[in-house]
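**Q** quick one: sequence plus predicted model below, questions after.
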Amino acid sequence: MTIFIDRRHEPVRHKFGKDKARFLRRIRDAVKKAVQDKVADSPLAGIDKGGVKVPIPRKTTQEPVIHHAQGPVFRKVFPGNLYDVGDVVPIPPSGGGGGKGGKEGDPDAEDDEDAFVWVSEDEFLDIFFEGRTLPDMNKLHASSVSVMDRQRFGHTTKGPSHKMDMSVTNQKRKGEALVLNKTSERRILKNLLEQYQIYRTYRPDLPELDLDGKSKTETLEAIREVLGGLQSQFTLSANHAYKNPTLTAMFNCVEMLEEGLAHEVTDPEDVHRLEVLRKRIPEQKKTAENAKKFQSHHLTYRFDKEQPKPSAKAVMICKMDVSASMSQEDKNTAKAFFWLVSKFLENNYDEVDVVFISHTTTAMEVDEQEFFYGKRTGGTLVSSCLEKELEIIKDRYDPSEWNIYSAQASDGDNSYMDNDRVEELMREILPIQQSSYFMEVRDQTWEISDLHELYQSLTHEFPQLKTATVNSPGEAVEAFKSFFPVGGQAPAHEPAMV
Amino acid sequence: MRKDAYEIESQKPYFQTVKDLLDKYEDGWNIFIKAHEEKDYDIPVIRKPEFEDDPYLPDSWLELADRVISIIAHEKLQLETNPNRIEIVRADQMLDAYVRPVPDGPSHWSYGKRRAIEQQQYDARKHLAYEIIINSNPALAYCMDTNSPVMQMLVFAHASYGHNAVYKNNFLFENFSDPDTIMAVNQRLKALIDECEDKYGVDEVEQVLDFCHAMRFMDTNDKPPKRHIGKKELEAKKTKAREFPYLNPPRKSVFNDKSEGADATNDNADYTAHPAQGERNILTFIADNVGHLPRWKREIMHLSSIVSQNFVPNIRTKVLNEGFACITHYQVMETMFDIGLMDASMHGEFRQSHAGVTYQPPGTVMKPNPYTGEEEEVFVGSDINIYALGFAIFEDIKRICDDPTEEDLRWFPHFAGKGNWEEMALHVMESNTDETLVQQYLSPTVMRKFKYFLLEGEPEDEFLTVSAIHADEGFKRVREQLAADYRLSDKIPKISVRDYQEETDRCLVLQHDVIDDQPLDPKSTRQILQMIHAQTKTPVVIESVDADGDVVDYHASPPDYDYEPHRRTSLHYDLAR
């Protein structure tokens, strides 16, 4: 008989998710390099589109298998003959050079040059961020509930089969079986005693059997005594064997009496009563046997209740100078950095808000598109941007509830008059922030700007402020790596420099 | 429908069974033709009102097709099969099934890699196999959802009845594979590995799995499992050992070690064979005998060896398996056409698919001559299509049984012209491997059909010599060589346990029997020895031994291991062999 299973409408299960994760783990160096190249090379909009194409490195993914090398003799049968014995033919391109059996399972024969694996954003970010930790994170708050978590919450009597708690279910059954077994034994004993008493009315010489108020052992002794007395008068054809010795003895007694005295019982009322009692025994036995089986009311399921989970929330404030002096290439560099930091935050926090502030001499909050592509003209006043940031934080992001991160990209130009105001504002903002990153987009061979110098002087007082000079998206990735080193925080007193 | 064929077929008993089944449906006889016309194998099948309640009647077109095919396969072709389990799958599920030998196995990075490569190839070519079948009980077949109704019927007949019959009846499968337990063993392996990953870490377990994968072709027995030795036989063995002590010399130990004094010069005289000498299942040998291995590693090695063991028969019966499956689907489909279940259009589609499967690409292509510019045939040496070869052999057995020529009577006197080809085909399928199938049943007709010829030469030369062709005098040579091409031991190095020096440095000595002067590939051999060394923490040596018992080559891990391969090449050594 054939079993048919139609799997066409099954949802797409990532059955190979685990295998793929293992594989990516194996080639993680290649993945990291591919991600870095991708971030460095891709145009502004395309960083997070699709996945990354990672070429499969041959060295780490070899699967050696025992095989022959090329032997000294080549001998093989081919189809499609055009020749006669003794003719010579050129070595065919396939199969000729490889020798016999050499090709099968040969790790070198597999064409790894063009082999690649597509790695989705989530997968490569996991690998890229592996081991990197956020400094000073986690203000946990359950008050503004948005993340729910299913947690164990006792047991119920109804539920899906995979949630069944076998240990509790079995315990219930065992408990019930214990009670029911005792009850049914007691009932059977009572039943048998009544039968005995009926027989005794016909044979008064039978010993008296009064079990009232007797303990377990006393009962057993009394019945065994009676049984011993009966065995001298009657014969026992079938010996009953129960777990309970009392019942065994009593059954044997009644059995003997039934065989020996059944014809002497004449009163129709007694005959009827005996018949009823005898018929009742199988039912009474059944109660005990049923108690061993699982009943529907034994079934117990684990219950999961949705409960609010303390969630960590973070806001990232991206600030960029969009004055004419920032070229599109500079913005690309900034974008690579902003993108990495925001993804990293998303990886670490349950909820991440991203705020974009672009500024010239005035600052305004904009959307992502405007932030990276919008162009405005004018000079530069960094203080305007910091004022705006402070305003937004006070307005919307209570520092006691939110983890606040900010990243600033600038070419370092700022009005000379403005620097004092900037320092004043930074001293106000930095204490309420988890971390603050400043990136100067300019050639590293140049002297650092006054603004950068000002920020560097602040890093001694506020270790959460990190600064770097970068010139290309690749360097932005390096800067990110130095800001978030694997295995913990960089030494706080040294400004992280690339 | 062919009129005269219908007349004959309708007299046979199976026809009545098919008719009884299809008569229970509205328009039952045309149900397959209807599906073909609508290009949909999900068309509803409607029972006649009086059979509404019969629980044993198929409810869908697929089940009905399978039922009809099973009647023809079992009753007309007399096949015996295991029960079937057929899963209709999408491309992504098929790709998942491609990657693992058995579904629901343990996770390993190599499956992830293979899946990525398969996906890439699928994206480029958009072509997948029509079916995959796994030798379990019930036999698990994956069929593509994109197969047309005709193709789906062909695939059922091919995999679920053709291959399945080989799995059930062939002697190799009977002796070497255990379809009843393979799934359970695989699940046990998966559970064990999941547990060990929790306990000992992913990296540690991955190393063991890598090692098990690298031991491919060295993790199976080439003999059937050991049978129970009776008391009498054991006594006889003991007597023999007493009478001929050199056959079973005493084990070397500290108590009878005569290496000091005068005997020290003659080292070979003390050599005693290791009891496990000749053991082919090296993975299990390591799991059982090597010290310093935790229990869980031994268990993983054992289980993965059992899983591998199940696939030994598949490697050795490729031509036989495909040939028998092809002749089965061919016969089933032709029968369905003969009794009118298929129309000419379906028959055409079936013949086209069948011809595609059993197509043997020519060994030559037309290319312009670089000097003259004229088109001419150039030899490129295409590989032999095992479907074509297998099908042709079985087809020819049928022809020889029914309508032999004088040549056939000379070559195959024991069955030519005797009729009853079904029985003969079953007999051939039950008792052969690829090697013996070609050796015994490749007829001159088949050889002329494919124009087989033998090329010989040295790989360093630019040219190869044609040493035998499909003529009468060359026939035997070509057949001999073709059989040898399918001999497993020629393709896969024959490695066995030579010695395990438990008393000294626990060096594991393996032996490679050299055939046709083929050396081992040094690079991969070195890698594998290193992997064995990493697991056993003891030196490993592999000796290449030629037919005379001389050690011609050896590899060792570590490479500078102080090992004397020639110290045992003596008379005693030969006797011990």
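**A** It's in. Numbers count the residues shown, from 1 in each chain, chains lettered A, B, ... in the order given.

**Q** can we go C-alpha only for contacts and neighbour counts from here?
**A** Fine.

**Q** element containing residue 331?
**A** Picking chain A for this. helix A:328-348 (DSSP states H and E).

**Q** switch to chain B, please.
**A** Per DSSP H and E: B:Gln331 is located in helix B:318-338.

**Q** and that helix, what does it pack onto?
**A** Applying 3 or more Cα pairs under 8 Å, 6 or more residues apart in numbering or on different chains; DSSP states H and E, one finds that helix B:318-338 contacts helix B:3-9, helix B:149-155, helix B:344-357, helix B:386-402, helix B:434-441.

**Q** for it, what is the distance to the chain centroid?
**A** Here helix B:318-338 is found 19 Å from its chain centre; the criterion is Cα atoms, centre = their mean, to the nearest Å.

**Q** hang on, the earlier thing: out of the helices and strands packed on helix B:318-338, which is closest to chain A?
**A** helix B:386-402 (10.3 Å; Cα to the nearest Cα).

**Q** tell me what angle that closest one forms with helix B:434-441.
**A** On the basis of axes from the mean of the first three to the mean of the last three Cα atoms, to 10 degrees, helix B:386-402 is oriented at 30 degrees to helix B:434-441.

**Q** tell me how far the closest residue in space to A:Glu387 that isn't next to it in sequence lies from A:Ile357.
**A** Closest residue in space to A:Glu387, ignoring its immediate chain neighbours: A:Leu425 at 7.2 Å, by Cα to Cα, 6 or more residues apart in numbering or on different chains. Using Cα to Cα, to the nearest Å, we find A:Leu425 at a distance of 16 Å from A:Ile357.

**Q** so between those two, which is more surrounded?
**A** The neighbour count for A:Leu425 versus A:Ile357, taken as other Cα atoms under 10 Å in any protein chain shown, is higher for A:Ile357 (25 against 17).

**Q** which strand residues bridge that one?
**A** A:Lys319, A:Glu365 (DSSP bridges).

**Q** isn't it right next to A:Met316, touching?
**A** No: look at A:Ile357 against A:Met316 with Cα atoms under 8 Å: they stay out of range, at 10.7 Å.

**Q** residue contacts, B:Glu63?
**A** Going by Cα atoms under 8 Å, 6 or more residues apart in numbering or on different chains, B:Glu63 touches A:2, A:4.

**Q** and the next helix or strand past the helix or strand hosting it?
**A** B:Glu63 belongs to helix B:61-71 when elements are defined using DSSP H and E. Sequence-wise, the next helix or strand downstream of helix B:61-71 (DSSP H and E) is strand B:84-89.

**Q** ok, that following strand: who's next to it in the sheet?
**A** Paired with strand B:84-89 in the same sheet, following DSSP bridges, are strand A:3-6 (parallel), strand B:139-144 (parallel).

**Q** touching the longest one from outside, list them.
**A** Here strand B:139-144 makes contact (Cα under 8 Å, 6+ apart) with B:82-91, B:94, B:97, B:129-134, B:152, B:155, B:159-160, B:164.

**Q** all helices of the stretch 301-450 of chain A, in order?
**A** Assigned by DSSP state H, counting those that start in this stretch, the helices in the stretch 301-450 of chain A fall at A:328-348, A:368-373, A:382-396, A:419-429, A:450-459.

**Q** would you list the strands paired with strand B:84-89 in a markdown table and tack on mean neighbour count and mean pLDDT?
**A** Formatted as a markdown table, those follow (neighbours: other Cα atoms under 10 Å in any protein chain shown; pLDDT from 0 to 100):
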| stretch | mean neighbour count | mean pLDDT |
| --- | --- | --- |
| strand A:3-6 | 14 | 89 |
| strand B:139-144 | 24 | 94 |
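
**Q** which stretch among those comes nearest A:Gly86?
**A** Of all these, it is strand B:139-144 that lies closest to A:Gly86, at 47.7 Å by Cα to Cα.

**Q** and the closest one, how far out from the chain middle?
**A** A distance of 18 Å separates the centroid of the chain from that of strand B:139-144, by Cα atoms, centre = their mean.

**Q** ditto for stretch B:428-442
**A** 14 Å.
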